[in-house]
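S.K.: A structural model of the following input is requested.
(one chain, ligands or ions: 1)
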Amino acid sequence: MSANKKILMLPGDGIGPEVMQQTNRVINWFDKNTEVGFDIEEELVGGASYDKYNTPITDEVMEKALNADAILFGAVGGPEYDDLSFDVKPERALLKLRKDLGLFANLRPAIVFNALADASSLKIEIVRGLDIMILRELTGGIYFGEPRGIEKLSDGTRRGINTEVYSTKEIRRVGEVGFELASKRKGIVHSVEKANVMESGLLWREEMQYLYEEKFDHLKLSHMYADNCAMQLVKDPRQFDVIVTTNLFGDLLSDISAALTGSLGMLPSASLGEYNKQGIRKSLYEPVHGSAPDIRGTGKANPIAMILSFAMMLRYSLDRNKEADLIKKAVGLVLKDGLRTADIFQSGKTLVSTEKMGEEICNRLDRIAN
Ligand code: NAD
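M.R.: Residues are numbered from 1 along each chain as shown. Presented below is the predicted three-dimensional model:
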């Protein structure tokens, strides 16, 4: 029997603790009903950590993050922290975790559950059954490139500078993740850049092509310009399987793909780093949404994004595809049975609270497992 997996749970602020509580319910279900076991440690992060320790993440919690098999992160931030200086803002905790854990690959699936297909802004026949993965490079590119800044010119006007930089190593390591993901899916990779107008884009295209020819030519690789990809995502999104792209283009394209699926409350994500000597990848799983201060404490938060983030953890950190599929199926069933939190509510359906949604997902897990 394998040893329990060490999970660091960081619920954070706002609705973070509310959606994490329901995820905990699902984790307990797996603890009780399967041979997958977890050792969970829960810690403060973001504003909650600032309130107690005057820092959004303590060194002790960072140490635990570095030693965990995987991290489950809720959300951080809120209006009460808006006036804090940049270095202690709640969001700094997430940036520090991403940086210190070297989380260079951001995975955002866009899945349309059949029961919610009519909630998309696109026609139902375009999005029905959609299941694509946007893989965004997270630690390089124009958000980090040097030189950067705002400088004063001799005529008194100013110039703002940011630099798009990518190296072979940065492109290949995220490319490998993309090909590996595709090999467990439909085997199709679209590599997206602007090689027509940017040298860094040309290098991206060439390195992706070399990597493909060296190791992954049993899969299918297409190169696509980012502007065309944006158009194709709203015209015919089901042509895609895995899209691998830069930090900047991934930021934009993942938001487009999110809009295809309906609600922020349904969208999970994963951020992955390098493998360590024990063959474990540093990894952090979190919903795409923020701390939603407008609905905290009202029981309106949709816990599905957080629960699906846990399913991603099972799949990508713990190699438990069967269990991850079980969660996806249970979520599909509650939606099919007409249960809806406020954000995805449609007339004729049953409005449920955060807690009830978590409870019903566990009931469906019971039903599928027996
Ligand atoms: P948000 O994602 O928190 O909320 C946007 C809208 O979506 C709100 O109306 C909210 O009620 C709704 N919403 C979000 N998640 C939901 C859920 N699970 N169920 C139902 N409705 C949901 O974004 P925002 O309002 O721009 O930001 C609020 C705070 O969160 C800010 O302090 C911001 O900095 C922070 N934030 C944190 C993260 C993170 O922790 N990763 C990400 C984004 C924003």
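S.K.: Give me the contact list for the helix or strand harbouring Ile134.
M.R.: Counting by DSSP states H and E, the element that carries Ile134 is strand 131-137. Contacts to strand 131-137, defined as C-beta atoms under 8 Å, 6 or more residues apart in numbering, come from residues 104-112, 166, 170-171, 174, 177-178, 181, 185, 237-238, 240-247, 249-251, 253-254, 257. (Each C-beta comes from the backbone N, C-alpha and C, glycine too.)
S.K.: And the residue of the stretch 251-370 of the chain found nearest the ligand, what's its pLDDT?
M.R.: Residue nearest to the ligand within the stretch 251-370 of the chain (C-beta to the nearest ligand atom): Gly290, separated by 2.4 Å. pLDDT, Gly290: 94.
S.K.: Does it fall in a helix, a strand, or a coil region?
M.R.: Classification of Gly290 by DSSP: H, G, I helix; E, B strand; the rest coil places it in coil.
S.K.: give the contact list for it.
M.R.: 14, 75-77.
S.K.: Likewise for Asp366?
M.R.: 29, 33.
S.K.: Sticking with it, tell me its helix or strand.
M.R.: helix 354-369.
S.K.: could you point out which element follows the strand holding Ile134?
M.R.: Next element after strand 131-137 (DSSP H and E): strand 149-152.
S.K.: and the residue of the stretch 51-200 of the chain found nearest the ligand, what are its phi and psi?
M.R.: Going by C-beta to the nearest ligand atom, the ligand is nearest to Gly77 of the stretch 51-200 of the chain, at 2.6 Å. When read as degrees, to the nearest 10, the backbone of Gly77 gives phi 110, psi 170.
S.K.: Please, which helix or strand holds Ser257?
M.R.: Going by DSSP H and E, Ser257 is part of helix 247-261.
S.K.: in that helix, what's buried?
M.R.: Residues of helix 247-261 classed as buried: 247-251, 253-254, 256-258, 260-261 (neighbour count, 16 or more other C-beta atoms under 10 Å).
S.K.: Repeat that for stretch 42-60.
M.R.: Buried-residue list, stretch 42-60, by 16+ other C-beta under 10 Å: 43-50, 55-58.
S.K.: pLDDT below threshold where in the protein?
M.R.: Within the chain, the stretches with pLDDT under 70 are 1-2.
S.K.: For the residue lying farthest from the centre of it, give me phi and psi.
M.R.: What lies farthest from the middle of the chain is Asp155; by C-alpha atoms, centre = their mean that is 44.9 Å. In terms of degrees, to the nearest 10, the main-chain angles of Asp155 are phi -90, psi 10.
S.K.: and what of Leu8?
M.R.: phi -100, psi 120.
S.K.: what do you get for the one 3 residues further on?
M.R.: Backbone torsions for Pro11, taken as degrees, to the nearest 10, come to phi -70, psi -40.
S.K.: That one: neighbour count?
M.R.: 26 (other C-beta atoms under 10 Å).
S.K.: quick thing: my sequence starts at 52, can you match it?
M.R.: Shifting the count to begin at 52 puts that one at Pro62.
S.K.: residue contacts, it?
M.R.: Taking C-beta under 8 Å, 6+ apart, one finds 68, 71-72, 93, 96, 99, 125 in contact with Pro62.
S.K.: Apply 10 Å and report the result again.
M.R.: 68-72, 74-75, 93-97, 99, 123-127, 357 (C-beta atoms under 10 Å, 6 or more residues apart in numbering).
S.K.: Pull up the residues of this protein that are close to the ligand.
M.R.: 66, 70, 126-129, 142, 145, 315-316, 337, 340-346, 352-353, 356, 394 (C-beta under 6 Å from any ligand atom).
S.K.: mind listing which of those are in strands?
M.R.: When the residues of the chain next to the ligand are checked against strands (DSSP state E), the matches are 126, 337.
S.K.: List only buried entries from the residues of the chain next to the ligand.
M.R.: 66, 70, 126-129, 142, 145, 315-316, 337, 340-344, 346, 352-353, 356, 394.
S.K.: so where do the helices sit in the protein?
M.R.: Under the criterion DSSP state H, the chain contains helices at 67-84, 98-104, 110-118, 142-151, 175-178, 219-234, 250-266, 277-286, 298-312, 355-367, 372-387, 405-420.
S.K.: buried set for the fifth one?
M.R.: Right, the one you point to is helix 175-178. 177-178.
S.K.: who touches it?
M.R.: Residues contacting helix 175-178 (C-beta under 10 Å, 6+ apart): 161, 163, 165, 167-172, 285-289, 311-313.
S.K.: Show the buried residues in the contacts of strand 182-188.
M.R.: 155-163, 217, 221-222, 225, 228-229, 232, 236, 288, 291-298, 300-302, 304-305, 308.
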